[in-house]
Structure formats: C-alpha cells, structure tokens
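1. Pasting the sequence and the predicted model now:
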There are 2 protein chains.
Amino acid sequence: MMRSADVDRVRSLPLFRVMSDTAFRDVTGGAFLQKFPAGTTLLTEGDTVDFLYVLLDGSVELGASWNDKDTTLAVLRPVSTFILAAVVLDADALMSAQTIERSDILMLSGEALRRAMREDAAFSVAVAQELSGCYRGLVRAIKSQKLRGGLERLANYLITQKIRQGGADTFTLPHEKRLLASVLGMTPENLSRAFASIADYGVVINGPQVTIARPLVLERLAKPDPLIDNHTPPTDAPIGKAQRERWPTDRHQRTGS
Amino acid sequence: MMRSADVDRVRSLPLFRVMSDTAFRDVTGGAFLQKFPAGTTLLTEGDTVDFLYVLLDGSVELGASWNDKDTTLAVLRPVSTFILAAVVLDADALMSAQTIERSDILMLSGEALRRAMREDAAFSVAVAQELSGCYRGLVRAIKSQKLRGGLERLANYLITQKIRQGGADTFTLPHEKRLLASVLGMTPENLSRAFASIADYGVVINGPQVTIARPLVLERLAKPDPLIDNHTPPTDAPIGKAQRERWPTDRHQRTGS
DNA sequence: CGTCACGATTGACATTTATCAAGCGTACGT
DNA sequence: ACGTACGCTTGATAAATGTCAATCGTGACG
C-alpha cells in the first residue's frame, strides 16, 4: 500500500518518531496512500473527519468560505499533517482542504490514531506538541491580520519567504498571486497594487521572481516581529509545526544524538 | 494554599478530571493561588512561560500588540486555562494576559505539567483535546475576521451572546464596549456606529443592555454558521474548550454516568 | 497557427474603516 | 456637591480596501 520510502518519511516525522513499532504498524495498517490531481477537494468544511491526512508530496490549501466569500487559511507543503484537531476531537472539519498541484496524500484512520493516543503517552504528548505548534501558527496569523495593514502583511510575507528559501535577495513566489492574496487577506487587485507600492521600498517584481534590492528599507516598513513572524530557516530534516515553533529557543532538545 | 472548593473546581475540569489522584497532587503541589486586582498584567508577550494559568474567578483578556497598535484575541471567564500551548512546548508567550476585574488565578508549574503528560497518557490525551478546542476556537476567529465585515461580526456576536446567556431577547453585554470593539477587530468609534446601524435590524441598545426585538431580521443580516459561530448554550458544568467544540455532536461521550 | 481561457494588471469608482476632534454623560474621589 | 477622568457617541475627513470593467500576456488545446 505504501512504498518503503514513504513509510520512512512518515515515521521520521516528530509526531510518529516517538511511537513504538507496534503502535506505528497499527496506525499505518489500514492507511491509504493516494495520488490526487490538482484542484481535488479532499474535504469540505462541515464534513465528518475520519482520517488524519499527511501530505507527502505536492501542496494543499486549507480554506474556508461563508456567504459566497472564501479565504485561504494556510498552504501546506510536504511533509505536513492536517486536520489533526478535528481528528483528536472526532469533530467536523472547520476548514476545507484542496490540492493545489498533483499530490501524494496519506490517510490514517482517526479511530486508530485516537486509540494509539490513549495507549501511548509519548505519542499523545507528541500530538499535543504538534497541536500547540498549529495553535501558535494561528495566533500569529490572527495577529498579522488584526494588527497589520495589507502592505505590511505583504512586506513581512516577502521577508519570511526570503529567509525560508535560504536568504538570497532574489527568490520565487511559491504560489499563484491570487492564492497569495487570499492568504494575506486581500483581493488579487489589491495585492497587485501592493506589489506596485512596495517597489518604493526596493522590491522588484518580475512575474513570480522577487528581488529585495534594499533589505533594510523593506525591514523598516515591515517591522518584522518574532512574536508574529516565524522566521524558521530551511532545513532538510522532516519538521513538524511544533519544531517550527520551538526554534530558536528549543529548551527541550530530546533528539540528543 | 488553596481552599478545598477551589481544588474541587480545578479537579472537575475536563483537563484534570482524568488524572490520577497522585498525579493531580503532584501537579497542584507547588501551585500558587493568587488574587489580582483589575488591570494587572499577568504576562507580556515574549515572556518565558513557567506556569499554566487557571482562571477561577474574575475575567482575563488575552491580547497582543505590534507597532503601537494592540488587539484583543480573547476574553476568558471562569473556569478557563490559558497559555496551555506555550506550556506544552516550553516556549515564549505569543500573547499578553491581563486581568479585567479582580481575579483569582491558579498557577501550576509548567514543568510538573509536562512531566505529568509524559507519565499519564489519559492526561496528555486530555491536554491534546483541550488544545484542539483552543485551536478550533482560533480557526473560528480567523474565519470571522477574514470573511465577515464589521457589522456582520457584531450581529453574530450579539446572537452568540444571546444564546450563551440563556436565550432571552434582552441581555447584558459582558464587557466594556471598547473591549468588545477590540475583540471584534474594530475601533470603538466604529463599533458605536455599527450599533447605530444595527438598530435598523431590530436591535435596541440601552447602555450595556441589548434587546433583539426582531431575531429573524437580525439573523438575515448575520447569517450565523456553526462552522464559525460556536453557539454552545450555557451550562453549570465546568466545561473546557474541547467540550465546547464537541457539542452538539459529541460522538465520544465518556462521562457515561 | 489561431483561439480561448485565465491570471495579472490597471483605472475609475463605491464602500468600508480609521483618524482626529469635539461634546455628552456618568461614576468616582476630594 | 463639585470637579475630573474616562468611556461613549457623533461628525468631518482621510485612508484603506473592495468592486466593476477593460486590457494585456501567456499557456493549453484544437
């Protein structure tokens, strides 16, 4: 059902690394690994959630809608789990999930997950840590949304993106601009104008290519704040939302070796 | 250090009900119960978090600020825990906490909490459930913020408040309007105007007294949605964020008796 | 090769929200 | 009782954001 390489990738996630082999086999026993084309709706808000999803390849948008409007709450990249909170509570989904590009997605039985939590304290601690990381990600998102204006959100997004992609002054926007607009909580038209305005702060846009020509000028506009922006640098280690939140002050290093 | 009645109240929280007596004693052993006057800052964003806070009496505002602006993320009423996510990750606080009125607050050692999680699977499951509830509360908040306009947010707030206070057409706003404005993500001036506008939808304001004269008209404006608004009815049982999120489709009733 | 669909951009305009300023009412302390 | 501080309200105005419409460029597909 799963290739061994995929099993390894899941196993090496912080969430599953702490599980016993038997518990891991139990949880992955009835799992599905599916490939979905771009634009597939995996889950609609309000749906009953039977599975924990793990994005192994591709990308997924988490969104929500109300009254003919819709917005994007997050864009996920591999390797990420999603709708963990709904699985833990065995509750309905509050967000929709849709593939952005062709994606490999692993689906783990929610029931088995909850059983494993009850039987394995280390695992449920890992779940609690992952959830804490997700929670803090949302706190950052709300703070950005309520405290900053559109231009400031964009400026900080660009700075964060630059760092996450390695720190070079030129990088590529990872998504369509329309999607970015939805993430940033504005209309595509407004994002376009924001890109035009931000040229005054030394940002050069060339299609999906962005060059931050005068980083200090941009920073003066953005005023990035570690309590809002999570400037976690890129890493090849499989990382969960919890680890992202712990850096750089990881007081509990348990991967000692 | 704690009155027996207070111990009982904490013990009966979903978070702590599942703990063994010995684990509970261990966690509450080095606990402080303190009374704070109104307006006391308990915690500033960025601070190291050493304790899990439990609000036993009074009320507490969770807020955040950036660039001389500030906003309120939540207002807590007894009995609630707060900054659980930071405690679980042993990370810095992303929000500030301040008493709104004179409050009784219990402070439990974060270190002891994390130890109890590692040793007691049932407890760490309860922590994961509470965190899931908090997470979903934030998802609702972001959806409200990004998808609705100010007047719609106010309308839904009033409907939610009406239900939470028992369902009568007349009820009392639980906070100052300036605080409500901050919760709803608008300026006090704007909230004032929103209250004036909402009179057209059959809402009569008299100081802190609100009367919803034509509920159906207001609902047509508000379009409340269970995927955004948590219309949990009032209860006398000590309830956690997780329970709030499970109602009304609690598929895992474990308080069987 | 042409056509079509779609994302991005730009302009004009409407709506919403914030800001500044003034005035009102009430609770509180002297 | 008086004054004062503070929350609330209202008005005038500015800034930000959304909406509608048109255009441009590009990539997919017949």
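-> Sure, I can see it.
2. show me where pLDDT drops low in chain A?
-> A:1, A:248-257 (pLDDT under 70).
3. So which residues of it form strands?
-> Using DSSP state E, the strands assigned to chain A run over residues A:32-36, A:41-43, A:51-57, A:60-66, A:69-76, A:80-82, A:96-99, A:103-109, A:170-172, A:203-206, A:209-212.
4. Please name the strands paired to the last one in the sheet, noting orientation.
-> On the basis of DSSP bridges, the sheet neighbours of strand A:209-212 come out as strand A:170-172 (antiparallel), strand A:203-206 (antiparallel).
5. quick one, domains of chain A?
-> If you go by automatic domain parsing, the domain ranges for chain A are A:4-144, A:149-227.
6. Out of those, which is closest to residue B:140?
-> domain A:4-144 (6.8 Å; C-beta to C-beta). (C-beta placed from N, C-alpha, C; glycine too.)
7. Around DNA strand D, which positions in chain A sit nearby?
-> Counting by C-beta under 7 Å from any atom of the strand, chain A comes close to DNA strand D at A:149-151, A:185-187, A:189-190, A:193.
8. for the residue nearest to residue A:127 when sequence neighbours are not counted, what are its contacts?
-> Closest residue in space to residue A:127, ignoring its immediate chain neighbours: residue B:128 at 4.8 Å, by C-beta to C-beta, 6 or more residues apart in numbering or on different chains. By C-beta atoms under 8 Å, 6 or more residues apart in numbering or on different chains, the contact list for residue B:128 reads A:88, A:117, A:124, A:127-128, A:131.
9. Residue B:94 is in contact with residue A:227, correct?
-> Yes. Counting by C-beta atoms under 8 Å, residue B:94 is a contact partner of residue A:227 at 5.5 Å.
10. between these two, which one's more packed in?
-> Per other C-beta atoms under 10 Å in any protein chain shown, whichever of residue A:227 and residue B:94 has more neighbours is residue B:94, with 26 against 19.
11. pretty sure the more buried one contacts residue B:64?
-> Yes. Residue B:94 lies in contact with residue B:64 (C-beta under 8 Å); the separation is 7.0 Å.
12. what residues are shared contacts of those two?
-> A:139, A:143, A:227, B:45.
13. Which members of the residues of chain A next to DNA strand D are positioned in helices?
-> Members of the residues of chain A next to DNA strand D lying in helices (criterion: DSSP state H): A:150-151, A:189-190, A:193.
14. Mind putting these into a markdown table with distance to chain B?
-> As requested, these are exported to a markdown table (distance: C-beta to the nearest C-beta, whole Å):
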| residue | distance to chain B |
| --- | --- |
| A:150 | 12 |
| A:151 | 13 |
| A:189 | 17 |
| A:190 | 13 |
| A:193 | 19 |
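15. Pull out the buried residues from the residues you listed.
-> With burial judged by 16 or more other C-beta atoms under 10 Å in any protein chain shown, the buried subset of those is A:150-151.
16. how about JSON lines for the ones in helices among the residues of chain A next to DNA strand D, with distance to residue B:58 added?
-> Shown next, in JSON lines, are those (distance: C-beta to C-beta, whole Å):
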{"residue": "A:150", "distance to residue B:58": "37"}
{"residue": "A:151", "distance to residue B:58": "39"}
{"residue": "A:189", "distance to residue B:58": "46"}
{"residue": "A:190", "distance to residue B:58": "42"}
{"residue": "A:193", "distance to residue B:58": "46"}
